[in-house]
Each structure stands twice: as structure tokens, then as C-alpha cells.
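J.: with the sequence up front, the predicted model follows.
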Amino acid sequence: MQLQDILSEIEHIAKNTVKSEALAVDAQGKWPEDSIRELQQAGLGGLVVSEELGGHGQGLHAIARACEILGEYSGSVALCYGMHCVGSAVIGAKATEQQKEEFLKPIAQGKHLTTLALSEPGTGAHFYYPQTQLLALSDNEFLLNGSKSFVTNGSKADSYVVSTAGVDPEATRDEFSCLVLRNDTAGLEWGPDWKGLGMRGNSSRTLLLKDIKVPSHSLLGEVGDQLWYIFQVVAPYFLTAMSGTYLGIAQAAFNEARQHLIERSYSHSGTTLSQNSILQHRLGMLWAKIERTRQLLYHATREGDNGNPAAVLPILASKAEVAHCCVDVVNDAMTLMGGIAYSQQSRMDVLLRDARAAHVMGPTTDILYTWLGRGLLEQPILDS
Ligand SMILES: Cc1cc2nc3c(=O)[nH]c(=O)nc-3n(C[C@H](O)[C@H](O)[C@H](O)COP(=O)(O)OP(=O)(O)OC[C@H]3O[C@@H](n4cnc5c(N)ncnc54)[C@H](O)[C@@H]3O)c2cc1C
């Protein structure tokens with residue numbers, strides 16, 4: 001299937017199921033079951049799984065575009081779907097034959113949902129320094145102890161891509177491991193339901209891992225591959241899914257504001273807001289802000305898909321720029337729409353709350369600009 005056909009299918013689902021589920025997702029903090037299942041049933045679960053395993057073999061650009069379309073209708077659906085795609089990409093990067101059969105083929109068939117569990121309460125925004133301990137009990141088994149925070153799709157997914165400290169007790173903090181944990185693994189303990197200010201359907205819950213036994217074939221890649229995973233797979237895919245999502249939220253706010261300017265007419269003058277030159281000018285500025293950010297993201301993801309090593313910088317910049325674009329555009333759109341938009345459960349209420357997660361979702365905006373600066377100065381990106 002060509003990317004354009006895939007995106008048309010996503011748009012069809014977004015304009016129907018996602019749109020009709022979105023209000024309940026926000027109002028009730030409901031995980032978007034209908035939307036996610038429909039995306040899976042339409043064969044879109046395997047967006048980034050290789051064609052040889054039944055997927056679409058797409059990459060960063062497709063994730064950005066898919067999340068952007070979904071984000072225009074529901075930030076939570078975009079992020080839940082995006083995190084599934086990111087998890088799939090991480091599993092697929094160096095999957096063993098067993099992992100292909102157990103995870104990737106069912107993902108492509110729409111029978112398996114996965115997600116990322118990287119953040120921890122102790123290290124917060126520095127999710128690349130996990131403290132969850134992985135101890136080898138034997139050649140075939142590990143013991144896992146720790147906790148993960150903000151796991152999007154938490155308790156809903158069939159598997160979790162979990163980062164841990166290195167297996168070797170002498171491992172430095174840069175030498176961590178990644179493994180894929182099945183949801184039926186004995187002993188997984190979930191924290192309370194997610195009650196976010198926005199992104200309320202995410203089910204971004206805490207996962208407690210206490211003396212969990214996992215088979216050693218759950219390990220992703222080889223010991224020592226981990227920084228490769230972070231910079232080649234986790235960061236580009238994770239950043240792209242978030243960039244697409246928050247760009248979609250910005251676009252949704254723009255659409256709301258534009259429609260308001262067209263429809264709002266005054267009884268005293270018979271004019272509409274769309275005839276006011278200041279408001280015309282402000283709408284033009286919002287469009288330009290979204291469009292230049294979109295072009296940065298599309299350029300970054302195309303270069304990433306082409307394997308250009310220099311793509312890392314625009315990929316880092318994209319998420320930081322999208323976060324600013326999203327928060328600014330939603331804020332300004334709220335102003336353009338006046339008091340009418342300033343009511344609970346209005347579309348702008350949801351967009352305003354959803355947008356605010358853009359800066360705080362790791363890698364956070366401040367950390368991304370620091371990484372970008374280090375990259376430009378040819379310094380190591382992570383703290384020494
Ligand atoms: C809606 C939502 C969904 C999420 N989904 C997932 C998920 O699916 N998987 C997952 O693994 N995680 C997820 N997260 C977690 C997220 O990615 C962050 O790791 C988490 O929000 C960090 O929160 P914290 O409160 O611990 O931040 P803190 O670490 O306390 O940071 C607070 C602030 O300090 C700043 N800061 C900290 N250190 C530095 C520094 N060195 N330089 C500059 N600024 C710094 C940060 O940028 C941030 O603004 C999600 C979070 C949210 C809100």
C-alpha cells in the first residue's frame with residue numbers, strides 16, 4: 001500500500017470513529033478503545049513493521065503524518081497509536097526470529113498492541129538513565145525490579161518495551177538494556193488510573209515491577225547496543241510521534257479559529273470577524289507558524305528515512321519547535337475566538353489542555369535545545 005493510501009485510510013477513521021469518540025475520551029478520561037481497535041482492524045497496526053512480516057514497512061515520515069492526522073481529531077488517539085508504532089519500531093530494529101513471530105507478525109495482523117515504558121519516577125525527564133534493575137538469574141531468565149511512570153497505553157497494551165539498567169552489575173549508567181515484557185507476565189502491578197490535565201485518554205499509568213521473572217529471549221539487541229537504540233530508534237521515532245501529534249493539535253486549533261472568524265457576525269454592524277484586518281493578519285501569522293514547523297518536521301523525517309546521519313539535529317529541533325508552535329497557536333486561537341471558546345468542554349478547552357503536554361513530554365523542550373546545541377558544538381549529546 002502506498003503512503004498516500006495509508007494516510008487516506010487513517011483520515012477516514014479520524015474523521016469518523018476518532019472524531020465521534022474524542023469528546024468521551026476527554027470528558028471521561030476513557031482510553032480510546034474504538035479508535036485504536038479500528039486502526040488495528042484496518043491493518044494499520046503494522047505501519048512500521050516490515051512488509052516481509054505483513055506490515056507496511058513505513059518509517060518516520062509515515063508516523064509523523066499519521067499522528068498529525070489523528071492529532072487533529074484527538075491528541076490521545078494520536079499518542080496511543082504513535083506509542084504503539086514507536087514500540088513496534090524498537091522491537092523491529094533488531095528482532096530475533098522468536099520476537100518476529102511473537103510480536104511483529106501479530107502487530108501487523110492487528111492482534112497485538114505494544115507501547116513504550118521508559119520514564120521512571122526517580123530520573124524523570126532523563127528517561128535515558130533508567131534505574132530499573134535487571135539481574136541474570138540463569139542463562140534463560142532475568143529478574144526485573146523497578147518502576148516505570150507515565151506508560152501511555154498502560155494496562156491496555158499486550159506488551160511493553162521497557163528500559164533497564166545494564167545487565168552487567170559493573171555497567172556504567174550509559175549501558176542500559178531494553179526488553180519487551182508481555183502483559184501476561186506474572187506480577188505486573190499498575191498504579192492508579194491516569195488523571196491528566198489533558199491527553200486524558202492516554203492511560204499513562206505507573207507500572208511497578210517487583211521481582212518480575214522474564215525470559216532472557218525478551219532482551220532487545222545485544223548488550224552494548226543500547227545507545228545505538230536510543231539515538232537510532234527510540235529518540236527519532238518517539239520524537240516524531242510526539243511532533244506529529246502536537247502539530248495536529250495546532251492545526252485543529254487553527255481550523256477552529258478560522259471557522260470562528262468566518263461565522264461570527266455582529267448584529268450592530270452586520271460584519272463578520274473575517275473582515276477585520278487585524279484578525280486577518282493574526283490568522284495569517286498562525287498559518288505561517290504551523291506551516292514552517294510542518295516543513296521542518298517533514299524535512300527531518302524524510303532525511304531520517306533516507307538514513308542521513310545529520311537528520312538527528314532537525315529531528316531534535318522538530319519536537320521542540322512543534323511544542324512551541326502548538327502551545328502558541330492554541331493560545332492565540334483561543335484569543336481569536338473570544339469568550340465563546342472559553343467554556344468548559346469546548347473544543348478549545350480540550351486543545352488547550354492537550355497542548356500543554358507538548359513541552360513536558362520527554363525529551364522536554366529545554367533538554368532538546370541543549371542536545372541540539374551540543375550536537376552543533378560537536379559535543380556528546382548526553383550529560384557526561
Ligand atoms: C501525557 C504524558 C504522556 C507520557 N507518555 C509516556 C510514555 O508513553 N512513555 C514514557 O516512557 N514516558 C511518558 N511520559 C513521561 C514524559 O516523557 C517525561 O519523562 C515526564 O513527563 C517527565 O516528568 P517529570 O515530572 O519527572 O519531570 P522532571 O524530570 O521533574 O522535570 C521537570 C522540568 O525540569 C526540566 N529539566 C530537568 N532536567 C533538565 C536539564 N538537565 N536541563 C534543562 N531542563 C531540565 C524538564 O525539562 C522539565 O521541564 C509521558 C508524560 C506525559 C505528561
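T.: Received, thanks.

J.: if K148 is in a bridge, with which residues?
T.: Counting by DSSP bridges, K148 forms beta bridges with L207.

J.: isn't it up against T123?
T.: No. Using CB atoms under 8 Å, K148 makes no contact with T123, being 10.7 Å away. For glycine as for every other residue, the C-beta is placed from the backbone atoms N, C-alpha and C.

J.: which of the two has more neighbours?
T.: K148 (26 against 17; other CB atoms under 10 Å).

J.: ok, now which ones touch that one?
T.: The neighbours of K148, taking CB atoms under 8 Å, 6 or more residues apart in numbering as the test, are A117, L118, S119, E120, T132, Y160, V162, T206, L207, L209.

J.: 6 Å instead, please
T.: Applying CB atoms under 6 Å, 6 or more residues apart in numbering, we find K148 in contact with A117, E120, L207.

J.: and the first one, bridged to which residues?
T.: The one in question is A117. V162.

J.: now it: how far from M1?
T.: 30 Å (CB to CB, to the nearest Å).

J.: so which of the two has more stuff around it?
T.: Neighbours around A117 and M1, counted as other CB under 10 Å, are more numerous at A117. The numbers are 31 against 13.

J.: thinking the more buried one is in contact with S149, fair?
T.: No. Judged on CB atoms under 6 Å, A117 makes no contact with S149 at a distance of 8.8 Å.

J.: intersection of neighbour lists for these two?
T.: Here A117 and S149 have no joint contacts, going by CB under 6 Å, 6+ apart.

J.: which residue packs closest to R264, ignoring adjacent ones?
T.: Closest residue to R264 apart from its sequence neighbours, by CB to CB, 6 or more residues apart in numbering: L273 at 4.6 Å.

J.: contact partners for that neighbour?
T.: Applying CB under 6 Å, 6+ apart, the residues contacting L273 are L261, R264, L279.

J.: swap in A64?
T.: T240, G244, L297, T301.

J.: let's see that with 7 Å instead.
T.: T240, S243, G244, L297, Y298, T301 (CB atoms under 7 Å, 6 or more residues apart in numbering).

J.: flag every residue of the chain that's near the ligand.
T.: 83, 116-119, 124-125, 127, 150-152, 196, 199, 202, 204, 357, 360-362, 364, 366-367, 370 (CB under 6 Å from any ligand atom).

J.: of these, keep whichever come out buried.
T.: 83, 116-119, 127, 150-152, 196, 199, 202, 204, 357, 361-362, 364, 367, 370 (16 or more other CB atoms under 10 Å).

J.: inside strands: which ones of those residues?
T.: L116, A117, F150, V151 (DSSP state E).

J.: distance of the third one from G122?
T.: The one in question is F150. 13 Å.

J.: give me the common contacts of those two.
T.: With CB under 7 Å, 6+ apart, F150 and G122 have no common neighbours.

J.: quick one: residues contacting whichever residue of the stretch 151-300 of the chain sits closest to the ligand.
T.: For the stretch 151-300 of the chain and the ligand, the shortest gap (CB to the nearest ligand atom) falls at T152, measuring 3.2 Å. For T152, the contacting residues are L79, C80, M83, T115, N202, S203, S204, by CB under 7 Å, 6+ apart.
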